[in-house]
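**Q** sequence unavailable; structure follows:
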């Protein structure tokens, strides 16, 4: 295998490019957007597993230059009382500590690192079609350009064009909650370094205070999905007013935080990809949200994408042919990510999530010890794959 095409220059795509480049492959990234500011209004947390994946790509510095660390999590009840305060992940390891940061800033930093390492990255390349052949795969773009390679990796997100070529008719489904993100200055007056989760009577709410006093917050609201036209033509003041009304039912800091927020609000509907969705066909594979988007309730979307990048690169590095590599990748990844879809969906809906086709339950999630080995760049992935361990 000599050349790999990555479709999508977001978190999954750029991390995959970094991993493939480190493994010695010739890789090029094709991004549909003309800039790096996609989803600039939202923020995310990278968990310890995502930070571990970045460390294996020698890219920890990309993240530690952004945002702020989170060492612990507080839980509040609907009266504002603290019910727990516990460490988050591997809080004692500075490289693996949770980190809170804006999605757009992370995306821009990973793209800059991709270019710094000499990896090709083209903007404004909107994929139109994929053609698989016995000896290669061809990507055709809206501007008439064409790219060929030995493997095409679709990291083109929730509404993936590549997924439609592999699994026509498979689309994201609403997971039962809408999610709003925002920023507030000056309230509440509390220390940084932890995230506070509020178990409200009608709304799940979370917030973290940056070292410079800005509060990053999110709210997950059950009920009907926000209409597409409202998402396309946002009305932040209306969203804020409705949300404050719901939060006032409880005696927590949440309502005051939202009431004092700026108009830099973002709303989205929590969606997920159905379990059992095919990930590959011929020389084409989908990863990240394109393959296994989950509702954001577990906060694992970006971290799972970073894991994908490392495991895919190791699968291709450690196996003798493409089919074996993609089979190994899927054996390692599907149990973990489908467990996350299920668990996150249960939180969002407050019920059990749908089962796999045929009624079979989602596989059990591999333990963290197995994940650490799968991500360890110096270990041959075949020695720790599920197929090897159970065969």
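**A** Right, received. Where do you want to start? A quick note: this is a predicted structure, and the numbers were derived from the prediction, not measured.
**Q** where does the prediction get shaky in the chain?
**A** 1, 36-41, 187-189, 351-367, 386-391 (pLDDT under 70).
**Q** for it, longest strand please?
**A** strand 173-185 (DSSP state E).
**Q** report the buried residues of that strand.
**A** Residues 174, 175, 176, 177, 178, 179, 180, 181, 182, 183, 184 are the ones in strand 173-185 that count as buried (16 or more other Cβ atoms under 10 Å). All C-beta atoms are positioned from the backbone trio N, CA, C, and that covers glycine.
**Q** closest to residue 80 out of those residues?
**A** residue 184 (17.0 Å; Cβ to Cβ).
**Q** what's the next helix or strand after the longest strand of the chain packed up against?
**A** Moving toward the C-terminus from strand 173-185, the next helix or strand (DSSP states H and E) is strand 194-199. Judged by 3 or more Cβ pairs under 8 Å, 6 or more residues apart in numbering; DSSP states H and E, strand 194-199 is in contact with strand 72-76, strand 203-209.
**Q** chain center to the last one: distance?
**A** So the one you mean is strand 203-209. Taking Cα atoms, centre = their mean, to the nearest Å, the mean C-alpha location of strand 203-209 is offset from the chain mean by 19 Å.
**Q** one more: the first one?
**A** Centroid displacement of strand 72-76 relative to its chain, using Cα atoms, centre = their mean, is 22 Å.
**Q** what are the pairing partners of that strand, and which direction each?
**A** Strand pairing for strand 72-76, using DSSP bridges, gives strand 82-87 (antiparallel), strand 194-199 (parallel).
**Q** pick the most buried one from the helices and strands packed on strand 194-199.
**A** Across the helices and strands packed on strand 194-199, averaging neighbours per residue (mean count of other Cβ atoms under 10 Å) puts strand 203-209 on top, at a mean of 23.
**Q** how many other residues sit next to residue 81?
**A** 10 (other Cβ atoms under 10 Å).
**Q** can you tell me how far it sits from residue 121?
**A** 49 Å (Cβ to Cβ, to the nearest Å).
**Q** hmm, back to that, nearest to residue 210, out of the strands paired with strand 72-76?
**A** strand 194-199 (11.4 Å).
**Q** and the helix ranked longest in the chain, how far out from the chain middle?
**A** Across the chain, the helix with the greatest residue count (assigned by DSSP state H) is helix 322-349. Chain-centre distance of helix 322-349: 13 Å, with Cα atoms, centre = their mean.
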